[in-house]
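# turn this into a structure:
(chains A and B)
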Amino acid sequence: MSTATTTKDPGELELEAPRAEDLASLLVAAERPPRPSAWSASLTFGWRAMLKIKHVPEQLFDVTAFPIMMVLMYTYLFGGAIAGSVDAYIQFLLPGILTMSVVMITMYTGVAVNNDISKGVFDRFRTLPIWRPAPMVGYLLGDVVRYLIASVVMLAVGLIIGYRPDGGPVGIVLGIAVLMVFSFAFSWIWTMFGLLLRTEKSVMGVSMMVIFPMTFLSNVFVDPRTMPGWLQAFVNNSPVTHVSTAVRELMAGNWPAADIAWSLGWSAVLVVVFGTVTMRLYNRK
Amino acid sequence: MTDLAIETTGLVKVFGDNRAVDGVDLRVPAGTVYGVLGPNGAGKTTTVRMLATLLRPDGGEARVFGKDVRKDADAVRSRVSLTGQYASVDEDLTGTENLVLLARLLGHAKPAARDRAAQLLEAFGLREAAGKQVKNYSGGMRRRIDIAASILNTPDLLFLDEPTTGLDPRSRNQVWDIVRAVVSQGTTVLLTTQYLDEADHLASRIAVIDHGKVIAEGTKGELKASVGSGAVHLRLRDADQRPAAERVLAEALGAEVLLDADPVALTARVNGQGTERGAAEQAAHALAELARSGITVDNFALGQPSLDEVFLALTDKKGQAA
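So this is what the prediction gives:
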């Protein structure tokens, strides 16, 4: 057995020689622990997402500054024209803009996935004997935390500038819960694009193409009854409309059973369709 | 029969109209370092990626410890680890966080994962770098954290894909020490490299791959013997004596003598095969003949044929056949 007898350069203290003997003793085949459950593996990947936020806190910019900007901009831009006053409009707008912003933020998932693949750490994950979707579910669990931060920030801003939800804390929590479920499901579209497209830029480009019509062509800003019939047909059936209605009504203290059902139904469809495609791509990549 | 860690027959992977791997047959005995040698683009990495279940083969069969890499991928994954050409750890996380993360994913409880990570960082000389993000690591440190990540659970088979590409000689030697330590504990290592001396130092058997095909396979000795000769390199004191030295050498060795660009240097092939005497004895005989002729030799070296020569000879043959 050869031993490393390298001399240290000054100024490169951290690079000590590896210790072959120590290493050999560590390698003596130990009992392997049982493989982690699907949930535990997914949570571990979620923990990784949290660590990344800890190391690169700038990435929280899109869930803090961006939502604040959205609330303030649209409230004061459209408030007077659409509802007569800012105060009246914010009661209508806030749940909608909350839905729109969080759905928009979901697209960073695709960028993160794409980034990881190009870095080689994905190869490591894919050779681990774990539940296959765990890395993807982990991303999304981490992202749900980001969505929560964005929601809290926007509600705080809304409350400061005059939003007064009749549903109280329970209504708010229920509204956010529906939004989180939908955003988690919607994010599977981006994991798919993240795996499908070659560069981060193309992921961003495609995301914009999908997200702008999806969010603007909804009832977030105005009542669809003011729109031409063909547009109403689209808007009234858009999942974003159902989610934003569900959030708006729940926060207002009502129980919009149909919209909740539509929101959860769309969520299930999104997970089944895009989750399946994502996992096919993941296994083939 | 010895156990095989890897067995492939006619393995094929096609990218578009490029047959990256074109019918590779490998038999890797368990418990050894097996070198896969070839230039860039020869199909080494593609082969490894298929064996590590990262790519699906387009044809042929591949078994790892008897398990089919397509049908039984999960069973294969539980016994192998891969250290890829690019650091396969998360650059945003610290060394400790990376190892704890992977240990958790391998099923260790949190305290056990922390212990294992700390022990490995210590053994790899990374203790002081443990709390730093991997993106601040030097090339040598990245390689180590990467290999450490691969042996969190001692794997039965470790793939090392060009583990020393881009490393300085000192870091390279340290990686070699690590590989030797890993193998001494019974892990099989499949090492791909484009450096012939790396395969020479570490591997017990070597497959030479070019254009997606295995063009030669055997022990180091067998590969060298297939080229058949070593060489004596001589430097004379006086350039005027070179023609005389050339004559003497040609006679004593019965082989071709090459005149180097340097006017005092010459090289002669020594063919140890088919004669009673070995290469060293032949060379000694040639030296004695030179001394008797009054030729002063300043410097003398008897070289084994290097794997470089083996490799060039093999790829040349193939080039001519094609």
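# contacting residues for residue A:260?
With contact set as Cβ atoms under 8 Å, 6 or more residues apart in numbering or on different chains, residue A:260 has these partners: A:178, A:246, A:250. C-betas here are computed from N, CA, C, even on glycine.
# what stretches of the chain score poorly on pLDDT?
In the absence of a named chain, this looks at chain A. A:1-16, A:29-30, A:285 (pLDDT under 70).
# oops, chain B please
Residues of chain B that meet the cut-off, pLDDT under 70, sit at B:1-2, B:226-229, B:271-277, B:304-310, B:312, B:315-322.
# pick out the residue nearest the middle of it.
Nearest to the mean C-alpha position of chain B, counting by Cα atoms, centre = their mean, stands residue B:199 at 2.6 Å.
# next one: it from chain A, what distance?
17 Å (Cβ to the nearest Cβ, to the nearest Å).
# phi first, then psi, for that residue.
Residue B:199 adopts backbone torsions of phi -60, psi -40, taken as degrees, to the nearest 10.
# can you give me the helices in the chain?
No chain specified, so I'll use chain A. A:20-27, A:38-55, A:61-83, A:86-105, A:108-119, A:121-126, A:134-160, A:168-196, A:200-216, A:229-237, A:239-251, A:257-270, A:276-284 (DSSP state H).
# chain B was what I was after
Under DSSP H, chain B gives helices at B:44-51, B:73-77, B:95-105, B:110-123, B:139-150, B:169-184, B:196-202, B:220-227, B:242-253, B:279-292, B:307-321.
# contacts for the shortest one?
With contact meaning Cβ under 8 Å, 6+ apart, helix B:73-77 is reached by A:127, A:128, A:129, B:52, B:53, B:64, B:65, B:67, B:69.
# okay, the first one and chain B: tell me how far apart.
Spelled out, that is residue A:127. Taking Cβ to the nearest Cβ, one finds residue A:127 at 5 Å from chain B.
# if we can go back for a sec, name the nearest of the contacts of residue A:260 relative to residue B:246.
Residue B:246 lies nearest to residue A:178 out of these, by Cβ to Cβ, at 91.2 Å.
# I'd guessed the closest one sits against residue A:250; true?
Yes: contact criterion Cβ atoms under 8 Å: residue A:178 and residue A:250 qualify, at 6.7 Å.
# those two - which one has more neighbours?
residue A:250 (26 against 22; other Cβ atoms under 10 Å in any protein chain shown).
# residues contacting the nearest residue to the more buried one once chain neighbours are set aside?
Spatial nearest neighbour of residue A:250, excluding adjacent residues (Cβ to Cβ, 6 or more residues apart in numbering or on different chains): residue A:175 at 4.1 Å. Counting by Cβ under 8 Å, 6+ apart, residue A:175 makes contact with A:95, A:167, A:246, A:247, A:248, A:250, A:251.
# at 10 Å what do you get?
A:95, A:98-99, A:151, A:155, A:165, A:167, A:243-244, A:246-252, A:256 (Cβ atoms under 10 Å, 6 or more residues apart in numbering or on different chains).
# among the helices of chain B, which is nearest residue A:104?
helix B:95-105 (29.2 Å).
# tell me the buried residues in that closest one?
Neighbour counts over helix B:95-105 (16 or more other Cβ atoms under 10 Å in any protein chain shown) mark B:95, B:96, B:97, B:98, B:99, B:100, B:101, B:102, B:103, B:104, B:105 as buried.
# gap between that helix and the chain center?
Centre-to-centre, helix B:95-105 and its host chain are 29 Å apart (Cα atoms, centre = their mean, to the nearest Å).
# what about residue A:58, how many residues nearby?
That count, for residue A:58 with other Cβ under 10 Å as the rule, works out to 8.
# ugh, typo on my part, it should be residue A:214
17.
# excluding its backbone neighbours, what's nearest residue B:43?
Nearest one to residue B:43, counting by Cβ to Cβ, 6+ apart, is residue B:212 at 4.0 Å.
# measure the one you found to residue B:162 for me?
Separation of residue B:212 from residue B:162 (Cβ to Cβ, to the nearest Å): 17 Å.
# the closest residue to residue B:188 other than its chain neighbours: neighbour count?
Nearest residue to residue B:188, sequence neighbours excluded (Cβ to Cβ, 6+ apart): residue B:5, at 4.0 Å. Under the neighbour criterion other Cβ under 10 Å, residue B:5 is assigned a count of 26.
# distance of residue B:5 relative to residue B:122?
For residue B:5, the distance to residue B:122 - Cβ to Cβ - is 29 Å.
# now swap in residue B:154 and tell me
17 Å.
# do residue B:102 as well
Taken as Cβ to Cβ, the span from residue B:102 to residue B:122 is 17 Å.
# run a quick neighbour tally on residue B:41.
Residue B:41: 14 neighbours (other Cβ under 10 Å).
# contacting residues around it?
Going by Cβ under 10 Å, 6+ apart, the list of residues near residue B:41 reads B:18, B:20, B:194, B:210, B:211, B:212.
# and which of those residues is nearest residue B:266?
Closest to residue B:266, out of all of the contacts of residue B:41 and judged by Cβ to Cβ, is residue B:194, at 30.5 Å.
# from chain A, how far off is that closest one?
Taking Cβ to the nearest Cβ, one finds residue B:194 at 19 Å from chain A.
# for that residue, phi and psi?
Residue torsions, per degrees, to the nearest 10, at residue B:194 are phi -110, psi 0.
# isn't it right next to residue B:163, touching?
No: using Cβ atoms under 10 Å, residue B:194 is not in contact with residue B:163, being 11.5 Å away.
# so which of the two has more stuff around it?
A direct count of neighbours by other Cβ under 10 Å for residue B:194 and residue B:163 places residue B:163 higher, at 25 against 17.
# chain neighbours aside, what residue packs nearest to the more buried one?
residue B:175 (5.4 Å).
# residues in contact with the one you found?
Residue B:175 neighbours (Cβ under 10 Å, 6+ apart): A:18, B:83, B:140, B:143-144, B:146-147, B:160, B:163-164, B:167, B:198, B:202.
# next one: whichever residue of the stretch 151-285 of chain A sits closest to chain B from residue A:122, what distance?
Distances between the stretch 151-285 of chain A and chain B by Cβ to the nearest Cβ are smallest at residue A:284, namely 6.9 Å. Residue A:284 sits 13 Å away from residue A:122, going by Cβ to Cβ.
# what is in contact with those two at once?
Counting by Cβ under 10 Å, 6+ apart, the residues touching both residue A:284 and residue A:122 are residue A:195.
# alright, that wraps it up for me.
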